[in-house]
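Asks: how would this look folded up:
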Amino acid sequence: MHTDLCNPFLQPNRITVLLLFIFSFVLLKNVHSQAILINEVMSSNGKTLIDENSDYPDWIELFNPGNASIDIAGWQLSDDPEQPDKWLFPKVAIGPRAFLLVFASGKSTNSVVVEWETTVQQGDSCRYVNVTEDLGNFWFNARYNDSSWQRGLTGIGYGDFDDATLVPTSAKCVYLRQNFSVKDADAVARMLLHMDFDDAFVAYINGIEVARANIGTVGIPPAYNLSASQAHEAEIYRGGSPLLFDLDDFRNALQTGQNLLAVEVHNYGNSSSDLSIIPFLSLGYSQSGLAERDIAPLVNLPNSSLHTNFKINAEGESLILSDAFGQFIDSCSVSSLPPDVSQGRYPDGGEDWYFFEESTPGSANNSNGYRDFSPQVISSHTPGFYENFIRITLESAEENTPVYYTLDGSVPTESSAKYQNQILLSRTLVVRARTFQAGNLPGPVLSQTYFIGEDTELPVISLSTDPANLWDWQTGIYVKGPNANSDYPYFNSNFWQDWEKPAHIEFFEDDKQHGFSIDCGIKIFGGWSRAADQKSLSLFFRAQYGTSTLEYPVFPDLKITNFEALVLRNSGNDWNYSMLRDGMMGSLVESLDIDKQAHRPAVLFINGEYWGIHNIREKINEHFLASHHGVDPDNVDLLEGNQNVIHGDGAGYQQLINYINTNDMSSDASQAFIEQQIELKSFLDYFIAQIYFDNTDWPGNNIKYWRTRGAEGKWRWILYDADFGFGLFDPNGYQHNTLQFALDPNHPDWPNPPWSTLLLRKFLENENLRNQFINYFADHLNLTFKAERVNAKIAAKRAAILPEINSHLKRWSHSHDNWVTQINRLYTFSQNRVTQSRRFLMQEFSFSSMTAVKVNLPDTTMGRVRINDHLFIEENFIGYYFPGIHISLQAVPRPGYRFNRWTGSDSSQNAFLQINPDKTINLTAWFEKSDTETPMALFNEINYNPSASFDSGDWVEIFNSGEDILDCSGWVFTDEDDSHRFVFPENTLLAAKAYLVLVSDKMKFTSLFPQVKNFIGETGFGLSGSGELLRLYDANGVLIDSLVYDDVPPWPTAPDGGGATLELTDPMANNSQAENWASSIGNGTPGASNSVTTEVKEQNQTQNQVAMQLEQNYPNPFSTNTTIVYRLPAAGDVTLKVYDIRGRLVETLLQGSQLAGTHKIIFDAHNVPSGIYYYRLTLGSTKSVTKKMIFIR
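Replies: Presented below is the predicted three-dimensional model:
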C-alpha cells in the first residue's frame, strides 16, 4: 500500500524540502481536506491515452470529492517543491465528484476550451465580387466600403454543383467579406478555420492575414490575377471534409464586438472547370455562455486539453498542488512506473494509493489495484563475455518468492520454467527472468546475455524477443508468411508489413564493456533488401516500452547522445557485396555541410544466435533533424521522392518548383530567390557527391529533403542509401557519365525521371550558379575525391570489419573471394573516377582544356589556403580548373602567424585573390610570425538569463577586433567550471571585424533569431544568472580573453531576466570592467554590431596607445614567475601594476620615470594564489594598456 511520500526514488534533499513545504501548511491542509486532490498519475504513457496532437504524454488526474463546484483559476501545479508555482491553471472549474485531466507533456497549454461555436458557416450571407481588375490591398480591412459588391450565400463559385451563389465560368479570382461578432475576445482560447476551396485562397481577419494555401508568399497579398501554384479540388461536394487551419496567432487580429473575415480565392491556370470557396470559422471559448451559434456539422472540432510545462520524471518524483495564493492543497509522490501503469487513490479521494494495470483517466478508479510490484531478480553473473561455460544462479530480492525464466528470448510468465537449480550455459544465450507475487504486479524483467566463447573486435548488440515475433508464419516479421508474392522481392510478405514487435537490446562496446540495456520496438526496415536472408531492423524507443529516448553515445565521433530510433542495417543493396559501401561514401563527405547518417559496424545476436555484421545507422526523421540542427521537430517539412510528405507539408516546396518552372532562371532575381530558398552550398555538394559516387538508384529514388518552416527556412538534402554507388553492379561504373544522367530532361521513369533532375537543370541555366557548380565540382575532384584520400577511407572501413568478415560470410554462406573482388572494385573506381569526371565536365560545358593551378605552402604550420570560399588546401597542391571560370584563393594564417604575401603568378600582399585560370597558375603563400601573439578576439555580447517571454537560450558573442582573419579551429570556450568545455569545430573561421555566436540551445536560438547564421554550438552548458567567469582559449591552450560579469551594479541589471543582453559599448575598451558594458536595446543583436556603442573621440589618444606597446607575458600560463616586455614611445612617468580578477591591486611592479625604448620586468608570483590576473602599463596620466595572464601553481 502506498501513501504520500512513500517513493524510494526521491532524493533525500528533495524529500526534506517537500516535507518542510507540506508541514508548513499542515493547518491549511486540514482546512482544504475536502478540496481538490491529486487522484491518479501516469508517468509513462505508452498507449493508454492520446492527446489532441496524437502524442502520448504523461498525465495527472485531479478529483473534487466535495458537493460543490470549485474554480481553480490561478491554482498551481509543480514537480518541484522549490518552485510550487511552476504551472498555473487557467479559468476552469471542477464540478462536484468530478475529474479534471491534465497532460504533463511539457507543452505548456493552459487555454482550455469549454464550448465551441461555428460563427461563420456554409449558407451565410456575405459580400463578394468577381475580381477583374486591381482593387488594391485595402479591400480586406474592416473599414473598406463594400456596398457596391454583390450579396450572396456561401459557397460561392461554379462547376462543383454545391455552389449556393454562382459566378461566371470565366472567373479567376473572387473576393468575399463576411462580418461576425464576438462577445468577449479575451475569452476565445482557440480559433479554427475550415476551408473548402478550389484551388487557392488567402484569409484575413480584420485586415491581418491568418491562413493561406497554394499561392504566393505569406505576408504578401497576391495580385488578383495570380494563379494558384497548384490545383486543389474541393472536398464537400464529393463527400469529403473541409481542410483545417489552426489559427495560432489570432489574438492580434480578433476584437470584442464586430469582426471581419475576408477571403480571396484563386483558380489554377486559365482552363479550370471549377472554382469554389466555403469558409467555416469556429471559436473555442474558455468560459461557458458565450457561444451564439451551433457547431457546423461538417467541421470536426478537436478536444482541447490542459498541458503543463513539465513532464513527470519516469524514475519518480513529487507533485504539488497549491491554490492561487500559494497555499498547499495536496501532493503525491510518484513511483518509478512501468509503461501504461498508473498510480492512484482507491477509492477516489481516499488515503490509500494503489497501482493500476488498467488505468481510468478522467473517471473513477474502479479497476483492480495492486499494492506493490513483485521484487526484482538478481543474477550471480553480470552479462558479458566468458571464455568457457558458466553456471548462473538466479534469486529474488525477497525471500520465498519464486523466479521464472526463459532461454529463448521470450518474456517469462508463470507458465515458464521455474528456477530451482543453477543454470548451465555452454553456448551464448539470453536469460530473461522475473518474479510473480500474489496481490502484486509482476516484477521487472531481467534480460541478460552471456556470450560463451565468442570473439569479436566489433561492438556487439544482443536482441531478445519472443521467437513468435520473428518466425511465426502468420505474425512473424522476419518470414514471408501466407500472403507473399512468388517473385523477388516477395511483396505482401510479412516482412513488407509495417508491423512493430516488442524486444530488448543490450549493447557492448568493442572492448566488451557493457554499454546499455533497454526495451524497444523493432520493425523490418528498407526496400528490396527486405528480401535478403539477413534483414535490416529499425529500433524504436517509445514510452510504451519504458523510455522514449535512448541516452547513450552510440557513435563515438558524434556529439549527439539522444536517439528516438536507430537502424541496424544489413548494408542494403550492398548485402553480399562489400558490406561497407554506404558508410564509406558517407565518410568521404564527413567534413562537408551535407546531412548524412552516422555509421558504425557492429555484430548482432538474436536470441543468442550469431546474426552477422549490421551497420548501426541513425534513422532519418524529424528527430534526426532536430538532433543535428537544433530545430523544433514539430516545425519542419520533410519530404522524399516526388514531393511525398513524411512530416509537415509540401506547400513550400511546391512554391519553389512553381517559381522555377515559371521564371527566367538566368536572371539575378532568380539567383537571389534560389539562395533564399535553398542552402546552396549544401545542395551543390550533395549533388556533386551523388554524381561522383555514380549512384544510379538516384535521383528518382533515395532522395529526401527538408527545411524549417518560416521565412528563414532553407531546403537541404540528405545523403542516404547510396549503395548503388562505386560500381555496385558494374565493374566499369567509373566510366558512367552520371553528370549527364543527373541532367537528363526526358528519361520517363526510374531512376532519373524529369522531376528528379529539374532543380539541377534549371539552376545551371544561371551563369553564376553554373560557374559555382563547376568550381565546386573541380574543388572536390582535386581534394575531397582525390584517389589517395578515397583509398584511405576505403582501407579504414575495410580494416574495421576485416577481423569479423569471415564469420559473417560463413553465417550467410557468402563467398570470401567475392567480398575481396568487391573491395578491389572500390579501389578501381577510386583510381579512375576523377579523370572520367573531369571529362564529363568538359563535355557537358564545352571546355576544350583544363588549367593546372599550383599552390605552394612552404610551412603548413603557419597557414593554409581556402579555395573558392569552399575547401581548404592544407599542403602543397596541384588541381585543375577551367579557363574563364574565375577561382578565389584566401590565405588563412594559423594562430600566432599572419599572412605576408603571395609570390609566383601574383605578388599581391592581399590575402584574397581572384584569378582567371586561363593559363598555368603557380603561387606560393607566405606567412610570418605575428607581432601580436594573442589573437584580437573578445567577448562582445552576453545573454546569460533570458526573459521567459523571449528565451533564446544562453549565448555569448565573440568579436574579431583585429585586421586578420582568425582560424578558430580547436579553440575552447569555458566558464568557471573547468569541466564545461566547448571546442570550436574544425575550419571555424572568423573574419576581421566579424562576429561569431556560441549558443547553448540551437532550437531556442534559431526559433527567435532565424536570420542569424554565424553561430556554432550547442556548447553543452549554460551561463550563471548571478555572474561568473568566462574564458576563451586558442587551440594550444593560450588564453585569448576572459572576464567576470555580474548581475548587480555597477554591472547593468536589465540583462538578468529582463530581456536585454550585456553589450560591450566599445570593442577596444577593457571588457573586464563593468563601466564598459551596457544593456542592449530590445533582445540583443547576436552576430551583428551591438545596439549600444561608443566611439573613441580623440584620434591622438588612439595613436599614442598604438605606439605604446605592452607584450603578452611569457610564459603564459606560468607557475613561478613570468616576463613582461613593453615599449615606450617617449620618456615619462611609468607605472606597471598587477590586479586580481576582481580589480584589486596585487602588486606594483614599477613606479617611476623611464626613457623611451623597450623594457623588461619579471613578476614573481610566489605570494599569490592561482588565478587570472591583469597587468596594466600606464604612461603619464592618460595613456594605459592592460593585458591578462594566468598563474597556476
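
Asks: Select the longest helix from the chain.
Replies: Counting by DSSP state H, the longest helix found in the chain is helix 816-845.

Asks: and that one, which residues are buried?
Replies: Along helix 816-845, these residues count as buried under the neighbour rule (16 or more other C-beta atoms under 10 Å): 819, 822-823, 825-830, 832-834, 836-838, 840-841, 845. In this view, the C-beta of every residue, glycine as well, is placed from N, C-alpha and C.

Asks: Quick one: residues contacting the closest residue to residue 319 other than its chain neighbours.
Replies: Nearest non-adjacent residue to residue 319, counting by C-beta to C-beta, 6 or more residues apart in numbering: residue 332, 5.3 Å away. Counting by C-beta atoms under 8 Å, 6 or more residues apart in numbering, residue 332 makes contact with 4, 38, 41, 318-319, 343, 353.

Asks: Could you do residue 1058 as well?
Replies: Residues in contact with residue 1058 (C-beta under 8 Å, 6+ apart) are 947, 1079.

Asks: ditto for residue 974
Replies: Residue 974 makes contacts with 980-982, 1030-1031, 1033, as judged by C-beta under 8 Å, 6+ apart.

Asks: just residue 455 next, same as before
Replies: By C-beta under 8 Å, 6+ apart, the contact set of residue 455 is empty.

Asks: so it is in which element?
Replies: If you go by DSSP states H and E, residue 455 is not part of any helix or strand.

Asks: one step back: show me the contacts of residue 974 that map onto strands.
Replies: Among the contacts of residue 974, the ones falling in strands (DSSP state E) are 981-982, 1030-1031, 1033.

Asks: which of those count as buried?
Replies: Listed as buried from the ones in strands among the contacts of residue 974 are 982, 1030-1031, 1033; burial here means 16+ other C-beta under 10 Å.

Asks: How much space separates residue 705 from residue 637?
Replies: As judged by C-beta to C-beta, to the nearest Å, residue 705 and residue 637 stand 9 Å apart.

Asks: which sections of this protein are below the confidence cut-off?
Replies: Along the chain, segments meeting pLDDT under 70 span 1-34, 288, 303-304, 711, 932-933, 1093-1107, 1141-1143, 1181-1182, 1193.

Asks: what does the domain assignment say about it?
Replies: Domain segmentation of the chain under automatic domain parsing yields 12-112+305-370, 115-285, 375-454, 635-845, 851-929, 937-1079, 1099-1191.

Asks: Now these in CSV, please, with extra columns for distance to residue 550.
Replies: Shown next, in CSV, are these (distance: least, C-beta to C-beta, whole Å):
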stretch, distance to residue 550
domain 12-112+305-370, 13
domain 115-285, 32
domain 375-454, 15
domain 635-845, 20
domain 851-929, 35
domain 937-1079, 19
domain 1099-1191, 40
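
Asks: Which one of those domains lies nearest to residue 482?
Replies: Among the domains of the chain, domain 375-454 comes nearest to residue 482, with 22.9 Å by C-beta to C-beta.

Asks: wait, which of the buried ones among the ones in strands among the contacts of residue 974 is closest to residue 383?
Replies: residue 982 (35.4 Å).

Asks: these two touch, right, the closest one and residue 1023?
Replies: No: counting by C-beta atoms under 8 Å, residue 1023 is not a contact partner of residue 982; they are 11.8 Å apart.

Asks: can you give me the helices in the stretch 1051-1193 of the chain?
Replies: 1099-1107 (DSSP state H, counting those that start in this stretch).

Asks: could you pull out the strands for it?
Replies: Counting by DSSP state E, counting those that start in this stretch, the segments of the stretch 1051-1193 of the chain that form strands are 1062-1064, 1077-1079, 1109-1110, 1121-1128, 1132-1140, 1145-1154, 1157-1164, 1171-1179, 1183-1191.

Asks: downstream neighbour of the longest helix of the chain in the secondary structure list?
Replies: Moving toward the C-terminus from helix 816-845, the next element (DSSP H and E) is strand 851-856.

Asks: wait, what's in contact with residue 102?
Replies: Counted by C-beta under 8 Å, 6+ apart, residue 102 has contacts 59-62, 77, 305-308.

Asks: any idea where the helices of the stretch 351-500 of the chain begin and end?
Replies: Under the criterion DSSP H, counting those that start in this stretch, the stretch 351-500 of the chain carries helices at the ranges 467-471.

Asks: so which pair among the ones in strands among the contacts of residue 974 is furthest apart in space?
Replies: 981 and 1030 (12.6 Å).

Asks: what residues do these two have in common as contacts?
Replies: 973-974.

Asks: now the contacts of residue 332 in TSV, with secondary structure, neighbour count and distance to residue 697?
Replies: Listed next are those as TSV, based on DSSP: H, G, I helix; E, B strand; the rest coil; neighbours: other C-beta atoms under 10 Å; distance: C-beta to C-beta, whole Å:
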residue	secondary structure	neighbour count	distance to residue 697
4	coil	16	60
38	strand	23	56
41	strand	24	50
318	strand	24	54
319	strand	24	53
343	strand	23	51
353	strand	24	57
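
Asks: and of those residues, the nearest to residue 1041?
Replies: Using C-beta to C-beta, residue 318 is the member of the contacts of residue 332 that sits closest to residue 1041, with 43.2 Å.

Asks: Just list whatever residues bridge to the closest one.
Replies: Judged by DSSP bridges, the bridge partners of residue 318 are residue 333.
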